[in-house]
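In: sequence and predicted structure are below.
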2 protein chains.
Amino acid sequence: MRFRQATAVSSIEGSPGRHTAEILDGWDIGGNANGGYLLAIAARAMAEHVGRPDAATISAHYLSPGKPGAVTIDTTTVKEGRRFATATGSMTSAESGKPILQVLGAFTDLSQASGPELVDASPPDLPPVEDCIVMGQGDTGFAPSFFRSVDIRLHPADANFHIEPSGNARVRGWFRFFDDEPIDAIALTQVVDALPPTAFNLNLPIAWVPTVELTAHIRAIPVPGWLRCDFRTHFVTGGFLEEDGRIWDESGRMVAQSRQLALIPQQQP
Amino acid sequence: MRFRQATAVSSIEGSPGRHTAEILDGWDIGGNANGGYLLAIAARAMAEHVGRPDAATISAHYLSPGKPGAVTIDTTTVKEGRRFATATGSMTSAESGKPILQVLGAFTDLSQASGPELVDASPPDLPPVEDCIVMGQGDTGFAPSFFRSVDIRLHPADANFHIEPSGNARVRGWFRFFDDEPIDAIALTQVVDALPPTAFNLNLPIAWVPTVELTAHIRAIPVPGWLRCDFRTHFVTGGFLEEDGRIWDESGRMVAQSRQLALIPQQQP
């Protein structure tokens, strides 16, 4: 239960809505915690606060890098409705008091979800897991510690970005936790920001694409097994880009959809 | 300046961050204010509060219907950064105190935006404005007062939903304000929720699709003229659907991208 433990939160007696957590070493990209990992910690605190398990829709603004160490998550309930509880979450560094993340989400119980099914899209075509490229083992020349905490296998056509970008702003791959740790709605907020940036496959001098904001819709709880992930970018304009994600489970169901707004860092002249 | 006046906000002396505004008659669908109109009021209060004109990314959770009458918008600055100011906004009914909208956004000055341009998508193909279907004049059998406050012309293939849904969850059309009122970043938060729901073109017994959450990325300020709007839905599952929007200006630039999570109301048994 590596992910469950790495995103554990504790409520503080006598301080309603306040939680503590620890950003762990090993979930970072060059010292800064992965954005999905940070979001999952905040989402867990918010879900516990409102007493509903699943974030149906959650938006996070990234305010400063999350460094390993203690954080505080202050949660407030905005509205307690029949179907949704809407809450805010603010993650700050316990040491510096610096804001890291500001979050707004609607929580529900997705096991109660029902309605007509009309789907006009298909999961990405991926080679078998064993024919894909293991992240985090140096195969891609891009081996931040985060990629040793989760099990990601990239589509070979999208994985060669450090040597020869594909020219197509797309990254596809398989995702699972090690030891087949189950993936719930909180874990899906991790999955939607786990693969390398699509922009790495563009012929642009980009070392990193900091996320301004990420919104995830959790549409269902996945069946056990690998997830198929598909991230695309259509618009690089004015120093911004969006990255759209779709996550599918092994039953062929689209379980999460995401979009983030990210920055193309300006080149130093 | 009909829209500018309809979304005017006033700050309250002695109450930092507090604004008042009026939800006007005539911007509603059957008595409930249009969601984009509500968001634009909140966005204006937030932009004025942080002193930056443009919402780069803004997310709103819809908590209860906005009825005509006075509202209060409480804004707080979460972070004042070099490039962005991040703020929250809470709109409540002045009469009942009921929460209407909870908003989180990052504000900037888009006139400073620059960077590489790589676009992998095209504006929707629309017949000339004069060959499209005027909303709000009974042509479509769907004439809420909102559609007399803005000038919308639907693609004929998407406009016949009250008689014969196209079967394709897509709605395309032209948008402008009357009297060529200029469209800025605040106005774009209106545009991304202005056309009839895509779901009306599905063969489902749907009278309305209440928005749970809407996120808009404002990517540029449009040149004067008509906007091309394109809204699509790919996933109707578990009582939810997403609606993805792209707004293009007359120069062919994509100026705003949006996604909302909405509900398929359960049929009464």
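Out: Perfect, I can see it now.

In: with adjacent residues omitted, what lies nearest to residue A:107?
Out: Nearest residue to residue A:107, sequence neighbours excluded (CB to CB, 6 or more residues apart in numbering or on different chains): residue A:52, at 3.9 Å. Any C-beta I mention is one placed from the backbone N, CA and C, and that applies to glycine too.

In: per-residue pLDDT of the one you found, please?
Out: With respect to pLDDT, residue A:52 has a value of 98.

In: list the contacts of it.
Out: By CB atoms under 8 Å, 6 or more residues apart in numbering or on different chains, the residues touching residue A:52 are A:84, A:85, A:107, A:108, A:109.

In: now do residue A:212
Out: Contacts of residue A:212 by CB under 8 Å, 6+ apart are A:61, A:62, A:240, A:260, A:261, A:262, A:263, B:56, B:57, B:84, B:106.

In: helix or strand for the fifth one, which one?
Out: In this structure, residue A:261 is located in strand A:254-263 according to DSSP states H and E.

In: and residue A:41, which of the three is it?
Out: Three-state assignment for residue A:41 (DSSP: H, G, I helix; E, B strand; the rest coil): helix.

In: sorry, back to before: which of the contacts of residue A:212 sits closest to residue B:194?
Out: Of all those, residue B:194 sits closest to residue B:57, with 18.9 Å by CB to CB.

In: isn't the closest one right up against residue B:219?
Out: No: counting by CB atoms under 8 Å, residue B:57 does not reach residue B:219; the two are 9.7 Å apart.

In: strands of the stretch 101-250 of chain A, start to end?
Out: For the stretch 101-250 of chain A, applying DSSP state E, counting those that start in this stretch gives strands covering A:118-119, A:133-134, A:151-154, A:170-176, A:211-218, A:227-232, A:235-237, A:240-248.

In: most packed of those strands?
Out: Mean neighbours per residue, mean count of other CB atoms under 10 Å in any protein chain shown, is largest over the strands of the stretch 101-250 of chain A for strand A:211-218, with a mean of 26.

In: give me the angle between that strand and strand A:240-248.
Out: For strand A:211-218 against strand A:240-248, the angle by axes from the mean of the first three to the mean of the last three CA atoms, to 10 degrees is 20 degrees.

In: quick check: mean pLDDT across strand A:211-218?
Out: Rounded mean pLDDT across strand A:211-218 is 98.

In: quick check, distance from that strand to the centre of its chain.
Out: Chain-centre distance of strand A:211-218: 8 Å, with CA atoms, centre = their mean, to the nearest Å.

In: who does that strand pair up with?
Out: Strand pairing for strand A:211-218, determined by DSSP bridges: strand A:54-62 (antiparallel), strand A:254-263 (antiparallel).

In: pull the CA atoms of that strand into CSV?
Out: Taking C-alpha atoms only, strand A:211-218 is exported to CSV below (Å, rounded to 0.1, in the frame of the first residue of the first chain):
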residue,chain,number,x,y,z
THR,A,211,1.2,23.2,-14.3
VAL,A,212,-0.9,26.3,-13.5
GLU,A,213,-4.1,24.4,-13.0
LEU,A,214,-5.4,20.9,-13.4
THR,A,215,-9.0,19.7,-13.4
ALA,A,216,-10.0,16.1,-13.2
HIS,A,217,-13.4,14.5,-13.7
ILE,A,218,-13.6,11.1,-12.0
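
In: more neighbours, residue B:57 and residue B:219?
Out: Higher neighbour count among residue B:57 and residue B:219: residue B:57, with 28 against 25, using other CB atoms under 10 Å in any protein chain shown.

In: ok, that one - contacts?
Out: Per CB under 8 Å, 6+ apart, neighbours of residue B:57: A:61, A:212, A:213, A:261, B:105, B:106, B:215, B:216, B:217, B:218.

In: so what's it scoring on pLDDT?
Out: 98.

In: the one 5 residues further on now?
Out: Confidence per residue is given as pLDDT, and for residue B:62 that number is 98.

In: quick check: closest non-adjacent residue to it.
Out: In this structure, residue B:62 finds its nearest non-sequential neighbour in residue B:211, 4.8 Å apart by CB to CB, 6+ apart.

In: which elements pack onto the longest strand seen in chain A?
Out: For chain A, the strand that runs over the most residues, judged by DSSP state E, is strand A:69-80. Other elements packing on strand A:69-80 under the criterion 3 or more CB pairs under 8 Å, 6 or more residues apart in numbering or on different chains; DSSP states H and E are strand A:18-23, helix A:35-50, strand A:85-93, strand B:99-108.

In: would you mind stating the distance between the residue nearest to residue A:249 when sequence neighbours are not counted and chain B?
Out: The shortest distance from residue A:249 to any non-neighbouring residue, by CB to CB, 6+ apart, is to residue A:222 (3.6 Å). Computed as CB to the nearest CB, to the nearest Å, the residue A:222 to chain B distance reads 13 Å.

In: how far away is residue A:222 from residue A:177?
Out: Separation of residue A:222 from residue A:177 (CB to CB, to the nearest Å): 11 Å.

In: which neighbours do these two share?
Out: By CB under 8 Å, 6+ apart, residue A:222 and residue A:177 have these common neighbours: residue A:183.

In: which one of the two has more residues nearby?
Out: Comparing residue A:222 with residue A:177 by other CB under 10 Å, the one with more neighbours is residue A:222, at 25 against 19.

In: my guess is the more buried one contacts residue A:255, does it?
Out: Yes: counting by CB under 8 Å, residue A:255 is a contact partner of residue A:222 at 4.6 Å.

In: any shared contact partners between the two?
Out: Here residue A:222 and residue A:255 share the contacting residues A:188, A:247, A:249, scored by CB under 8 Å, 6+ apart.

In: now, which of those residues sits nearest residue A:9?
Out: Using CB to CB, those come closest to residue A:9 at residue A:188, 17.1 Å.

In: and the gap between the closest one and chain B?
Out: With distances taken as CB to the nearest CB, residue A:188 is found 14 Å from chain B.

In: tally up the residues packed near residue A:72, please.
Out: A count of neighbours around residue A:72, defined by other CB under 10 Å, yields 18.

In: ok, residue A:117 next?
Out: Neighbour count for residue A:117, taken as other CB under 10 Å: 10.

In: pLDDT at it, what is it?
Out: Confidence score, pLDDT, at residue A:117: 93.

In: hmm, it is touching residue B:241, no?
Out: No: judged on CB under 8 Å, residue A:117 makes no contact with residue B:241 at a distance of 10.6 Å.

In: pLDDT weak spots in chain A?
Out: A:1, A:136-142, A:267-269 (pLDDT under 70).

In: can you rerun that using 80?
Out: Applying pLDDT under 80 to chain A picks out residues A:1, A:136-143, A:266-269.

In: how about the residues of the stretch 51-200 of chain A that lie near chain B?
Out: Residues of the stretch 51-200 of chain A found near chain B (CB under 8 Å from any CB of the partner chain) are A:56-57, A:59, A:61, A:63-64, A:78-79, A:81, A:84, A:86, A:88, A:90, A:99, A:102-104, A:106, A:110, A:113-121, A:169.
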